[in-house]
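A.B. asks: Build me a model:
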Amino acid sequence: MATTNQNRMFVTLTLPLPVPQLIKVTQAIIAAQTGNPHIPSPSPPLATLTVALDALVTTEAATKTRAAGTWALATWRAITSSRC
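C.D. replies: As a prediction, the model looks like this:
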């Protein structure tokens, strides 16, 4: 039986706290990993990350309108998206 070596790299990021900056950094990460042959199957998958980013962008836009209930929506999304 032959063994195959797999090189794995673990990366830790210090992400910005302001949401607009977080959105820009996440967009850059998705763009850099899309089609990158060195990262054939990132974890979490880019589709999952894109869905979470879209939800964050939508929530941020709603929060900026200062409509009733948007603060609670933003808080709920922040809590649930940390589980991705």
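A.B. asks: Show the average pLDDT along the top helix by length along the chain.
C.D. replies: Ranked by number of residues, the top helix in the chain under DSSP state H is helix 46-64. In this model, helix 46-64 has a mean pLDDT of 89.
A.B. asks: packing partners for that helix?
C.D. replies: helix 19-33, helix 70-81 (3 or more Cβ pairs under 8 Å, 6 or more residues apart in numbering; DSSP states H and E). Where C-beta positions appear, they are placed from N, C-alpha and C, glycine not excepted.
A.B. asks: Could you identify which of those helices has the lowest mean pLDDT?
C.D. replies: Among those, helix 70-81 scores lowest, with a mean of 62.
A.B. asks: Now the longest helix of the chain - C-alpha only, CSV.
C.D. replies: Extracted C-alpha coordinates of helix 46-64, given in CSV (Å, rounded to 0.1, in the frame of the first residue of the first chain):
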residue,chain,number,x,y,z
LEU,A,46,-16.5,29.4,-1.3
ALA,A,47,-20.3,29.0,-2.0
THR,A,48,-20.9,29.0,1.8
LEU,A,49,-18.7,32.0,2.3
THR,A,50,-20.4,33.9,-0.6
VAL,A,51,-23.9,33.2,0.9
ALA,A,52,-22.7,34.5,4.3
LEU,A,53,-21.2,37.6,2.7
ASP,A,54,-24.4,38.3,0.7
ALA,A,55,-26.4,38.1,4.0
LEU,A,56,-23.9,40.4,5.7
VAL,A,57,-24.1,43.0,2.8
THR,A,58,-27.9,42.8,2.9
THR,A,59,-28.0,43.2,6.7
GLU,A,60,-25.5,46.1,6.6
ALA,A,61,-27.6,47.9,4.0
ALA,A,62,-30.8,47.4,6.0
THR,A,63,-29.0,48.6,9.2
LYS,A,64,-27.9,51.8,7.5
